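**Q** turn this into a model:
(4 chains)
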Protein chains: 4
Amino acid sequence: SFHMTGDGRRKSCWYEEEIAQNLRWCFALNSILHTGATQYQDIALLDTKPFGKALVIDGKLQSAEVDEFIYHESLVHPALLHHENPKAIFIMGGGEGSTAREILRHRTVENVVMCDIDEQVVDFCKSYLVANKEAFFDSRLHLIINDARAELEKREDHFDVIIGDLADPIEGGPCYKLYTKSFYESTLKPRLNKGGIFVTQAGPAGVFSHTEVFSCIYNTLRQVFKYVIPYSAHIPSYADTWGWVMASDSPFMADAEELDGRIRQRVQGENRYFDGKTFISASTLSKAVRKSLDEETQVYTEGAAKFIYGHGMLVN
Amino acid sequence: SFHMTGDGRRKSCWYEEEIAQNLRWCFALNSILHTGATQYQDIALLDTKPFGKALVIDGKLQSAEVDEFIYHESLVHPALLHHENPKAIFIMGGGEGSTAREILRHRTVENVVMCDIDEQVVDFCKSYLVANKEAFFDSRLHLIINDARAELEKREDHFDVIIGDLADPIEGGPCYKLYTKSFYESTLKPRLNKGGIFVTQAGPAGVFSHTEVFSCIYNTLRQVFKYVIPYSAHIPSYADTWGWVMASDSPFMADAEELDGRIRQRVQGENRYFDGKTFISASTLSKAVRKSLDEETQVYTEGAAKFIYGHGMLVN
Amino acid sequence: SFHMTGDGRRKSCWYEEEIAQNLRWCFALNSILHTGATQYQDIALLDTKPFGKALVIDGKLQSAEVDEFIYHESLVHPALLHHENPKAIFIMGGGEGSTAREILRHRTVENVVMCDIDEQVVDFCKSYLVANKEAFFDSRLHLIINDARAELEKREDHFDVIIGDLADPIEGGPCYKLYTKSFYESTLKPRLNKGGIFVTQAGPAGVFSHTEVFSCIYNTLRQVFKYVIPYSAHIPSYADTWGWVMASDSPFMADAEELDGRIRQRVQGENRYFDGKTFISASTLSKAVRKSLDEETQVYTEGAAKFIYGHGMLVN
Amino acid sequence: SFHMTGDGRRKSCWYEEEIAQNLRWCFALNSILHTGATQYQDIALLDTKPFGKALVIDGKLQSAEVDEFIYHESLVHPALLHHENPKAIFIMGGGEGSTAREILRHRTVENVVMCDIDEQVVDFCKSYLVANKEAFFDSRLHLIINDARAELEKREDHFDVIIGDLADPIEGGPCYKLYTKSFYESTLKPRLNKGGIFVTQAGPAGVFSHTEVFSCIYNTLRQVFKYVIPYSAHIPSYADTWGWVMASDSPFMADAEELDGRIRQRVQGENRYFDGKTFISASTLSKAVRKSLDEETQVYTEGAAKFIYGHGMLVN
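**A** The predicted structure follows:
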């Protein structure tokens, strides 16, 4: 039974994400490459027309082949390049492997600990994300399957850079407790070497969306560290500008020229997105966002979260 | 980079069809099983949540696993059961194999000629449509790759039932010329044995949609045959009621009881949709459709089609 | 700022309904005419391209201008025409006014009681649904704002026909208790005159969808009435075949010809959808649905519903 | 007929834009406030849930209430603030009124000529865009209904700043000829006073989308002017970063501090998005975009456009 009447070029398979309750973002699909479910989450690898292969977890786009370099170069290089000599790196999360891949491009790096809770996601990405294959098999990479907080609490070694590549701090969500003031103070900071830098992805950072978590992560970190730099970049497949926050008790001294020099010296291969000028632009926020970050008063605390969930006020 | 915030149960991959310019019909997808392009058309096999595996050609749903039995039982059984002893059957189109499958369930049938123009569609369906595997390998089935009109013009044998399983008669479309009065009179009817029956799929037959092609196919056939029966059935995956028209120069004599008796005698396995009462219902059209069919005046002719396409008025 | 690059004819505003979790039905919109919220529900009147003005309640299409006649003629005329002389009619629900409009076309009718719980919906429809204006102001119509069950329990008068124009019997939904065996037996049936007929809308009746509520409403009614007729019709704007069930303790005697005669005698204006043959077709179900209705064993009871909701097993 | 089963909070009316053939962007709608058609284009004012009131022309979002300030502050203030004393301003297009509104906030401005071809769009915006009401009635604003090129060709007066607020330079589109090298050289530049500045919206400027027109507008302008500054900003409702290019034969001398000083002196009311630091960030492009702009070789010429459309090669 063939009832052909249409225009063969019409796109008929779509990936659809509700970015917010009132906002949808839809990509035409070539195919659904793999789907699966882990102990913690649903996972899929899609082949999309506008953004290439896309990793989707629990119905949310994680990273797309054509522009994940923006996210991962922005997450990794500012911190590693501002550090004088980064050798030991700890990744909280990062199971996709792209964060490790960017870190391992730094010639100074001797040891990368990647601590993700979901072994099956790591296996899925190891199998299917071709761009990260080499990184997964780099002898400097040490993969640990554990909760990042538990892992940092029990370890006694120190790191030059710790990188947070985790889900946003949604109240009641799995990662909230990895964004609190007490976690930063009592667990994370003690694991940094002198001169050490912490950087974390920090959620959407658009003119409106930065109030969801970006401003609050920024404000929490400035309670804990002396020097804190928020920065952002537009990521096409996210349909938004994304944010990161970098923090240290040592000042960030490198200017654009110095960053470019360090890239030439330390980083193998060529960056596509990040260089000195890119960082100037990314770390100079617009008036609208700058003002709102300056005025943020909320701090992520364990007690606050509990309070919001209606179990009454607890002593911090 | 894992930004999980969502509800894992949300459906995020969709098949979408514009049934009309203003009307869309969308199925959640499990996966895109196969895609390909033939010389004539694009083809895909999708695994949909609401309707199972679905064959899509040029962006239009052809048949869905869970309800194709409604279409194919309705296309095949009324004609074969009204015939006294159907032995030789000709299918125009039908490359999917489901029409052949239903025909081959009739014990009287000795020879089925299936004439489809697109060898690659036939191969695709032979490979992937499990329900039709057996039919494709039945020794009574003779597959011919040719234009059905050219094939009927050159053949000299006769058939008890000829079945039209073709795309709708869109002006300028590939199948228009297989629905014209002159084709029926000069090419098709001469290939029917005495007592022979022609049946064709006849497009949407809903309270409004029957005016697209159903009423005109009906009216064209009643210019050519003495006895013409239009009938219809709602097919969930099409989001519409579908129509067929059955025509002969011999009267259709079987009532519901007689049809049920013939099913018991002649048909292997059990029908899911079609029986005598189903045919009473299907061939008794509602007032709205009946009136509109009675009043239809348009006839498909070669000249009419050419005129519409602006190449000037031709003598019929 | 004008960034025109597109095709002006593209449809860009859409109404979208999730018919099922995996199935969507979308209409291009001309405009959103009115929106509002009542004590019980959200309500909107949309101007859609494919189906004209459409009444939407709580995100579900209730009736569309171009094809509501199929639903309302099918709900009203079979029962009124099978009755010998219907004078007094009771509508449970029906606040839209279309059911009353069809009833009031019957010359025999002297008194129509329309009992809807939501005064604001009635007022909304009275204001905006032009086709029902006249009916709302007919002196034979008596509007009562009350729960239909409470109203029937307290009344002492009797009716020739009672019509159920209510939401589907979803467990825990507002109308479930108006579809139970005990309601029919103890409350509704005592309010019918001798020879009286009850008819109710009965939810989707497609080849698959009839198992949601149609078969169970049918089976519940055949526990209570001697003669029960299920029937159905495809309604384009619902993207499904719809069902109704008609029940009485007196036999339904009129054949197609008799129905047509009564239409000529009793009904003002001309039906668009319903006549004798339409009823033959509508009440002759396909093999698939017929078999499934015959085999249905579930009965709607108050206890059953409560049990399902986990409040423990109650004595029926 | 009330078939309520759903969740009243589901969003059911949507605005949908195909940003690219494979990419859709959808906003839930509160209502469709106004629709109309002018001699040139279709126009609509929608009330969207995520972005407030939105002006849509020919199915493309033009500007949304909640974030049009980003576009219009970015279009207007950099050029006016870099100019020593901007008094006379010419707007090509701008019928929406928002560009005029931002210009009129500058105390130095004495005369604004707004030249739009579509009187009905101007009237529509004057009636419905409340935020621009005051600007439309400012005595310094002179509205002319004409093609901007024809207008500039016939005028003999000069301007301090000329602003291009036009549709993108699509080959064969209505505005292509307002982006060509010859137009800039022969028509536009002669109408600038000494020290005059030209600025134009320059289409999408994302990491990938900047190759559509942004890089080519930039490259065309650097053939014509000595000093050319491309800059960009992410606009949430466009789901992309947007670009502008500013050009002059005099150098751009103001740094961030100087810009902030001029804002305090010259601009009434407070900017929401633009200040000195915002401009540093906006005009410092990322490595990916910067490299691609540097390497752009295409120039918009009249001949090139004609050639592309297959009318043969013409002498420029």
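**Q** how about stretch A:120-130: buried residues?
**A** A:120-122, A:124-126, A:129 (16 or more other Cβ atoms under 10 Å in any protein chain shown). Glycine gets a C-beta too; all of them are placed from N, C-alpha and C.
**Q** where do the helices sit along chain A?
**A** Listed in chain order, the helices of chain A (DSSP state H) span A:68-82, A:98-104, A:119-128, A:133-136, A:148-154, A:181-182, A:214-222, A:256-266, A:276-283, A:287-294, A:302-308.
**Q** and the third one, average pLDDT?
**A** This means helix A:119-128. Averaging pLDDT along helix A:119-128 gives 93.
**Q** so which elements touch that helix?
**A** strand A:23-37, strand A:42-48, strand A:141-145 (3 or more Cβ pairs under 8 Å, 6 or more residues apart in numbering or on different chains; DSSP states H and E).
**Q** give me whichever of these is most buried.
**A** For the helices and strands packed on helix A:119-128, the largest average neighbour count (mean count of other Cβ atoms under 10 Å in any protein chain shown) is found in strand A:42-48, namely a mean of 21.
**Q** can you list the residues of the stretch 151-300 of chain A near chain D?
**A** A:206-209, A:233-234, A:236, A:239-241, A:271-275, A:277-278, A:280-282, A:284-288, A:290 (Cβ under 8 Å from any Cβ of the partner chain).
**Q** tabulate the helices of chain A (CSV), appending distance to residue B:19.
**A** Shown next, in CSV, are the helices of chain A (distance: least, Cβ to Cβ, whole Å):
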stretch, distance to residue B:19
helix A:68-82, 37
helix A:98-104, 41
helix A:119-128, 35
helix A:133-136, 44
helix A:148-154, 49
helix A:181-182, 55
helix A:214-222, 43
helix A:256-266, 54
helix A:276-283, 46
helix A:287-294, 44
helix A:302-308, 46
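**Q** lowest average confidence across these, which one?
**A** helix A:302-308 (a mean of 54).
**Q** just send the helices and strands packed on helix A:119-128 back as JSON lines, with mean pLDDT too.
**A** Rendered in JSON lines, the data for the helices and strands packed on helix A:119-128 read as follows (pLDDT from 0 to 100):
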{"stretch": "strand A:23-37", "mean pLDDT": "93"}
{"stretch": "strand A:42-48", "mean pLDDT": "93"}
{"stretch": "strand A:141-145", "mean pLDDT": "98"}
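**Q** same list (the ones you listed) but as CSV, adding distance to chain D.
**A** Below are the helices and strands packed on helix A:119-128 laid out as CSV (distance: least, Cβ to the nearest Cβ, whole Å):
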stretch, distance to chain D
strand A:23-37, 4
strand A:42-48, 8
strand A:141-145, 26
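**Q** got TSV for those strands, with distance to residue B:222 too?
**A** Output for the helices and strands packed on helix A:119-128, formatted as TSV (distance: least, Cβ to Cβ, whole Å):
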stretch	distance to residue B:222
strand A:23-37	44
strand A:42-48	50
strand A:141-145	73
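**Q** and those strands: which comes nearest chain C?
**A** In terms of Cβ to the nearest Cβ, the element of the helices and strands packed on helix A:119-128 nearest to chain C is strand A:23-37, at 10.1 Å.
**Q** can I get the closest one as CSV, trimmed to CA atoms?
**A** Only the C-alpha atoms of strand A:23-37 are listed here, as CSV (Å, rounded to 0.1, in the frame of the first residue of the first chain):
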residue,chain,number,x,y,z
LEU,A,23,10.3,26.4,25.3
ARG,A,24,11.2,23.6,22.9
TRP,A,25,14.3,23.0,20.8
CYS,A,26,14.0,20.4,18.0
PHE,A,27,16.6,18.8,15.8
ALA,A,28,15.9,16.7,12.6
LEU,A,29,17.3,13.2,13.1
ASN,A,30,19.2,11.0,10.7
SER,A,31,19.0,8.0,13.1
ILE,A,32,18.8,6.8,16.7
LEU,A,33,22.2,5.1,17.0
HIS,A,34,22.0,3.6,20.5
THR,A,35,19.7,3.7,23.4
GLY,A,36,20.1,2.2,26.9
ALA,A,37,19.3,2.5,30.5
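**Q** tell me what it is packed against?
**A** With contacts defined as 3+ Cβ pairs under 8 Å, 6+ apart, strand A:23-37 has these neighbours: strand A:13-20, strand A:42-48, helix A:119-128, strand B:23-37, strand D:23-37.
**Q** parallel or antiparallel, which strands does the fourth one pair with?
**A** So the one you mean is strand B:23-37. Based on DSSP bridges, the pairing partners of strand B:23-37 within the sheet are strand B:13-20 (antiparallel), strand B:42-48 (antiparallel), strand C:23-37 (antiparallel).
**Q** the last one: how far from the chain's middle?
**A** So that's strand C:23-37. Strand C:23-37 has its C-alpha centroid displaced from the chain centroid by 21 Å (Cα atoms, centre = their mean, to the nearest Å).
**Q** repeat that for stretch A:170-182.
**A** Distance of stretch A:170-182 from its chain centroid, counting by Cα atoms, centre = their mean, is 15 Å.
**Q** buried sites along it?
**A** So stretch A:170-182, judged by 16+ other Cβ under 10 Å, has buried residues A:170, A:174-182.
**Q** so which of these is the closest to residue D:93?
**A** Nearest to residue D:93 among the buried residues of stretch A:170-182 is residue A:170, at 43.2 Å by Cβ to Cβ.
**Q** just give me the neighbour total for the residue in the stretch 101-250 of chain A that chain B sits nearest to.
**A** Residue nearest to chain B within the stretch 101-250 of chain A: residue A:167 (4.1 Å; Cβ to the nearest Cβ). By other Cβ atoms under 10 Å in any protein chain shown, the residues close to residue A:167 number 24.
**Q** from residue A:299, how far out is it?
**A** 19 Å (Cβ to Cβ, to the nearest Å).
**Q** for residue A:270, same thing?
**A** The gap separating residue A:270 from residue A:299 is 40 Å, by Cβ to Cβ.
**Q** and residue A:35, what does it touch?
**A** By Cβ atoms under 8 Å, 6 or more residues apart in numbering or on different chains, residue A:35 lies in contact with A:42-45, B:30-31.
**Q** if you set the cut-off to 7 Å instead, what comes out?
**A** Taking Cβ atoms under 7 Å, 6 or more residues apart in numbering or on different chains, we find residue A:35 in contact with A:44, B:31.
**Q** can you name the residues bridging to it?
**A** As for beta bridges, residue A:35 partners with residue A:44 under DSSP bridges.
**Q** that one and residue D:276, how far apart?
**A** 49 Å.
**Q** repeat that for residue A:56.
**A** 40 Å.
**Q** between the two, which one's more packed in?
**A** Ranked by neighbour count (other Cβ under 10 Å), residue A:56 and residue D:276 place residue A:56 first, with 23 against 20.
**Q** that one bridge partners, please.
**A** Beta-bridge partners recorded for residue A:56 (DSSP bridges): residue A:44, residue A:61.
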